[in-house]
Each structure stands twice: as C-alpha cells, then as structure tokens.
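>>> Following is a predicted model, sequence given first.
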Amino acid sequence: MDIQENIALKNYNTFGINVNAKRFITIESVYDLQQLLKKEQDVFLLSGGSNMLLTKDIDKLVVHLNIKGISIDREDDSHSYITVNAGENWHEFVQWCIANNYGGLENLSLIPGNVGTCPIQNIGAYGVEVKDVITKVEAIDIVTCKLVEFSNAECEFGYRNSIFKNKVKGKYIITAVSFKLTNRNHTLNTSYGAINQALNDNLIKKPSIKDVSDAVITIRQSKLPDPNKIGNSGSFFKNPVISKTHFELLLEKYPDMPSYIISDTEIKVPAGWLIEKSGFKGKRFGEFGVHEKQALVLVNYGNASGKDIYKLAQDIQQTIRKNFSINLEIEVNII
Ligand code: EPU
C-alpha cells in the first residue's frame with residue numbers, strides 16, 4: 001500500500017482531463033481498503049473515472065479502487081448468481097458474460113466505467129437498466145470500516161439514480177455487485193428501434209445474446225465517441241421530464257419533438273434533441289465541444305480543462321432554459 005505523490009490523473013478519467021492528485025494510492029483488496037480507512041477517511045474515490053468532470057487538482061488522498069475478481073455464487077437450471085468485484089471493467093465483464101452464456105447485460109455492452117460504479121447511477125441503455133439484474137451491492141461503511149450489504153430494494157434505484165447519489169452519498173464505498181443472470185432461455189430486449197434495425201440489416205431472425213451485444217456495440221460505435229480516442233463521459237445531461245401541459249405547448253412550436261410518455265401527466269424529452277435544435281450539435285470550441293453525432297455528449301479533443309467544459313455545459317443549460325423553459329440536469333459529477 002504505497003502512497004504516491006503528484007500523480008497526473010489524465011489517464012484515470014475518460015474525459016482525459018489533466019489535473020493532479022497530491023497523493024494517490026491503488027487499492028486491490030477489501031482488507032487493504034479497510035486498513036486505509038482506519039487511518040484516513042476523508043478520501044477521493046476514483047474507479048473507472050467515467051462519470052466525472054475534473055475541474056481542479058485533488059487535494060484529498062485519491063484512492064484508485066482496483067479490486068478484481070468474478071465468482072459464481074450458485075446456479076440453478078434457469079439462473080446464475082454472480083458476484084463481481086468493483087474494479088472489474090464493465091464492458092469486459094459484459095463480454096465475459098456473453099462468452100459464458102449468461103444473459104441480461106447484453107444491452108449494456110460498451111458502457112465505459114467499472115462494475116463498482118454501475119449501481120450508483122443505475123446505468124442504462126437500449127431499454128435495459130442495470131437495476132433489472134442486480135441482486136445486492138456490497139459496500140464498506142467509511143466510518144465503521146465494516147462491510148455491509150444493500151438489497152436491490154434498499155438501493156432505491158431510479159432513472160440514472162440510486163441511494164448512493166442521495167441519502168448515503170459519500171458514506172459508503174462499493175466493493176462488489178451481485179447479479180442474477182439467465183443461463184438458458186434468455187429474455188432478449190430488442191424493442192429499441194435501432195437494435196431491431198441492426199439485427200434486420202444482418203438478416204438475424206433468432207438473435208442470441210451475442211447478436212444483441214454486437215448490435216449494441218455497432219450502434220454505440222456509430223453514435224458515441226470512443227473515450228480512448230476522444231475524451232468524454234457519455235451523456236452529459238439527463239433526459240428531462242416535463243409536464244404534459246408544458247409538452248403540449250412546446251409541441252405547437254416544435255411538432256417534430258420526440259418524446260416518451262412517463263405517466264398521465266409527465267413526458268420525457270430527449271436532451272440530445274433539445275441541444276441539437278439549439279444549434280450546439282457538432283460545435284467545436286478549440287479543444288472541446290459537442291459531439292457531432294450525439295449532442296448529449298460533450299467532448300475533450302485533447303487538452304481542454306474541466307472548467308472549459310463545465311462553462312460550455314452551463315451555456316447549454318442557459319440556452320435550453322431560454323428556448324424551451326426546461327432545466328437540463330447534469331448527469332456527470334462535477335468535481
Ligand atoms: N436526438 C437528436 N439529436 C441528438 C441526439 C439524439 O435529435 O444529437 C434524438 C434522437 O433522434 C432520438 C432521441 O433524441 O429521437 C433519443 O436519442 P438516443 O436514442 O440516442 O438516446 P438518448 O435519449 O439521447 C439515452 C441515454 C444513453 C443511452 C441511449 C440509448 C440518457 C441521459 N442517455 O440517450 O446513455 O445509450 O439512451 O438507450 O438517458 C449515457 O448515459 O452515457 C448514455 C450514452
């Protein structure tokens with residue numbers, strides 16, 4: 001357990017922002033994490049670094065969580081119960097599931113980040129959210145250093161939301177996540193238009209979990225920038241939910257506005273569409289900008305600062321407020 005000094009964080013966050021950590025430690029076991037927390041509790045956690053925008057150097061001790069390992073807890077003739085340590089890369093785990101014929105995560109292929117952070121924002125894509133297959137989350141209570149468990153219900157999952165972003169924010173460190181996955185008769189979710197299209201294009205009539213995963217990978221690669229090439233954090237904003245009355249007023253002015261019904265009184269509208277309609281899509285401001293194929297994604301072309309990107313996000317929020325009277329909520333954590 002060596003503490004290093006003055007470490008550049010550029011390669012530890014998918015936005016590729018170059019700030020420094022005064023002190024930095026990599027943790028590879030729950031035991032080491034407990035020992036560290038007994039000595040120092042005011043730490044800054046860094047996992048896959050895929051949902052954060054770093055706007056300044058980090059003064060606290062940066063703890064890089066790198067606890068690895070996958071275990072199969074039990075299997076019956078329909079499901080397998082699998083526990084994965086927090087430091088496993090998400091997409092590599094999804095690919096491992098597909099190679100071993102475990103179904104349920106294929107729609108979540110190619111999402112950046114590590115397994116330990118997937119419950120925090122309840123990652124979701126193409127009609128599936130990770131809450132659909134999580135059975136429990138293991139975490140260390142930072143104050144007592146004890147290992148505790150949260151059942152699925154206790155995680156209080158919502159759209160890009162969970163108890164870890166609210167009531168217990170900053171109180172626990174997630175060390176492992178358990179999943180209930182199918183091991184035969186997989187229930188595929190191909191209802192999302194683009195998945196159907198990709199399967200049809202490849203003339204696939206009876207898709208396997210691998211076919212669905214491949215379709216998702218193709219769609220994501222066509223729309224979303226690869227963080228290894230262009231720094232980004234996926235969707236920067238949440239899709240806003242507005243009242244039906246507000247929606248109907250907007251529809252008079254923008255009859256082509258896409259929407260999803262949430263309830264009798266609420267409608268979700270795609271933030272990407274609002275941002276595109278406001279003229280930001282593909283706009284580049286030197287080292288940073290708005291992605292050309294998906295306006296919900298802000299990008300760092302190389303040497304942008306977190307402050308530059310945050311300022312752009314605020315400009316976008318202000319414009320959307322002016323044009324549509326909608327408040328866009330930032331999904332990424334601003335540090
Ligand atoms: N749209 C535009 N312009 C754009 C982007 C989107 O008009 O630049 C329109 C599309 O035409 C479509 C609608 O907005 O009518 C929805 O677009 P898309 O299917 O690309 O999905 P999204 O709502 O923009 C969400 C998630 C993504 C996830 C996709 C697919 C959020 C905040 N984002 O995006 O998640 O991959 O659905 O399920 O809910 C992420 O969280 O990092 C992420 C990429």
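Received it, and whenever you're ready, just let me know what you need.

>>> So which other helices or strands are in contact with the helix or strand containing residue 64?
Element membership for residue 64, per DSSP states H and E: strand 58-65. Contacts defined by 3 or more Cβ pairs under 8 Å, 6 or more residues apart in numbering; DSSP states H and E place strand 58-65 against strand 20-27, helix 30-39, strand 43-46. No exception for glycine: its C-beta is placed from N, CA and C like everyone else's.

>>> Identify the residues contacting the following helix or strand past it?
Using DSSP H and E, the next helix or strand after strand 58-65 towards the C-terminus is strand 70-75. With Cβ atoms under 8 Å, 6 or more residues apart in numbering as the contact definition, strand 70-75 has outside contacts at 80-85, 88, 93, 96, 178, 183.

>>> counting contacts, what elements does the lengthiest strand in the chain pack onto?
Identified as the longest strand of the chain according to DSSP state E is strand 172-182. If you count contacts as 3+ Cβ pairs under 8 Å, 6+ apart, strand 172-182 packs onto helix 30-39, strand 79-85, strand 134-141.

>>> looking at those, which is closest to the ligand?
Closest to the ligand of the helices and strands packed on strand 172-182, according to Cβ to the nearest ligand atom: strand 134-141, at 16.9 Å.

>>> Distance from the chain centre to the next helix or strand along the chain from the closest one, please.
The helix or strand immediately downstream of strand 134-141 is strand 147-151, counting by DSSP H and E. When distances are taken as Cα atoms, centre = their mean, to the nearest Å, strand 147-151 is centred 21 Å away from the chain's centroid.

>>> same thing with stretch 255-267?
The chain centroid and the centroid of stretch 255-267 are separated by 24 Å under Cα atoms, centre = their mean.

>>> can you check stretch 300-307 too?
Per Cα atoms, centre = their mean, the centroid offset for stretch 300-307 relative to its chain is 20 Å.

>>> ditto for stretch 60-74
Averaged C-alpha coordinates place stretch 60-74 at 17 Å from its chain's average position (Cα atoms, centre = their mean).

>>> ends of it, how far apart?
40 Å (Cα to Cα, to the nearest Å).

>>> quick one: average confidence on it?
Stretch 60-74 carries an average pLDDT of 97.

>>> try stretch 17-31
97.

>>> contact partners of that stretch?
Contacts for stretch 17-31 (Cβ under 8 Å, 6+ apart): 1-10, 33, 36, 44, 53-59, 61-68, 87, 140, 147, 175, 231, 300, 303-306, 309.

>>> Now list the buried members of those.
Among these, the ones that count as buried by 16 or more other Cβ atoms under 10 Å are 7, 9-10, 33, 36, 44, 53-55, 58, 61-67, 87, 140, 175, 231, 300, 304-306, 309.

>>> coming back round to it: format the helices and strands packed on strand 58-65 as a markdown table; extra columns: distance to the ligand.
Putting the helices and strands packed on strand 58-65 into a markdown table (distance: least, Cβ to the nearest ligand atom, whole Å) gives the following:
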| stretch | distance to the ligand |
| --- | --- |
| strand 20-27 | 25 |
| helix 30-39 | 27 |
| strand 43-46 | 18 |
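
>>> Dump the ones you listed into TSV; add distance to residue 323 as well.
Formatted as TSV, those follow (distance: least, Cβ to Cβ, whole Å):
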stretch	distance to residue 323
strand 20-27	38
helix 30-39	46
strand 43-46	36
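
>>> Out of the ones you listed, which is closest to residue 103?
With Cβ to Cβ as the criterion, residue 103 lies closest to helix 30-39 of the helices and strands packed on strand 58-65, at 28.6 Å.

>>> what separates residue 268 from residue 189, distance-wise?
In this view, residue 268 and residue 189 are 18 Å apart by Cβ to Cβ, to the nearest Å.

>>> Please disregard the earlier target; I meant residue 326.
Where residue 189 is concerned, residue 326 sits at a distance of 29 Å (Cβ to Cβ).

>>> Now do the contacts for residue 67.
With Cβ under 8 Å, 6+ apart, residue 67 has these contacts: 27-30, 33, 85-87, 116, 175-176.

>>> tell me which residues form a beta bridge with residue 4?
residue 24 (DSSP bridges).

>>> what's it in contact with, if anything?
23-25.

>>> Kindly report the residues of the stretch 101-250 of the chain close to the ligand.
125-126, 223-224, 234-235, 238-239 (Cβ under 6 Å from any ligand atom).

>>> if you set the cut-off to 8 Å instead, what comes out?
Contact residues, the stretch 101-250 of the chain versus the ligand (Cβ under 8 Å from any ligand atom): 107, 111-112, 121, 123-127, 159-160, 192, 194, 219-220, 223-224, 233-235, 237-239.
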